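Visitor: Fold the stuff below for me.
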Amino acid sequence: MNTLVRYNTGNIEKFLNDLEKYSIGMDEWIHRFSVLHQTESNYPPYNVIRESNVKFRLEVALAGFNKNQITVYTENNKLFVEGEKEVDSGKEYVHQGLAQRAFTRSWTISDDVEVKTVTFEDGLLCVQFEKVIPEHQKKKVWF
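Guide: Presented below is the predicted three-dimensional model:
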């Protein structure tokens, strides 16, 4: 009789050990899992929204930035969002609540997820993702 094991953050080490013990060719996946969160700062704020089983949207709040100051790119299963903001030293702020700093933020994306669109409007960067399901994995009905 097989017993279903549920893993959570309390037994993540057991999960990784079991995964390594019972899998073949998963070394790269395990490595990616171990370095999922490499961003040091929590700036800029963002949302990840599940629109369906195969569609996701990332929203990044970039108040004070314009489109020319933002770079969005993918490389080695990572999505990078970079912002380069020139500091205007000629201004005297009474209160400065908007961040005026450069940043790099990254997210790990799965092999079967691709970026569909990237838009920037009213200070909100939106990245649309879609999970690509290979033809051989799609539901097939014969009768």
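Visitor: Can you tell me the centre-most residue of this structure?
Guide: Central residue of the chain (CA atoms, centre = their mean): residue 107, 3.1 Å from the mean position.
Visitor: How about the secondary structure of residue 16?
Guide: helix (DSSP: H, G, I helix; E, B strand; the rest coil).
Visitor: Look up how far residue 60 lies from it.
Guide: Applying CB to CB, to the nearest Å, the value for residue 16 to residue 60 is 30 Å. All C-beta spots, glycine's among them, are computed from the backbone N, C-alpha and C.
Visitor: what does residue 7 give?
Guide: Going from residue 7 to residue 60 by CB to CB gives 30 Å.
Visitor: Same question for residue 103.
Guide: Distance, residue 103 to residue 60, by CB to CB: 10 Å.
Visitor: So which of the two has more stuff around it?
Guide: Between residue 103 and residue 60, residue 60 has the larger neighbour count (other CB atoms under 10 Å), namely 22 against 19.
Visitor: what bridges to that one?
Guide: According to DSSP bridges, the partner residues bridging residue 60 are residue 46, residue 125.
Visitor: and residue 24, helix, strand or coil?
Guide: When classified by three-state DSSP, residue 24 comes out as coil.
Visitor: Number of residues surrounding it?
Guide: Neighbour count of residue 24, defined by other CB under 10 Å: 5.
Visitor: List the contacts of residue 74.
Guide: Contacts for residue 74 (CB atoms under 8 Å, 6 or more residues apart in numbering) come out as 80, 109, 115.
Visitor: Okay, buried residues for the host helix or strand of it please.
Guide: In the assignment (DSSP states H and E), residue 74 maps to strand 70-75. By neighbour count on 16 or more other CB atoms under 10 Å, the buried set for strand 70-75 is 70, 72.
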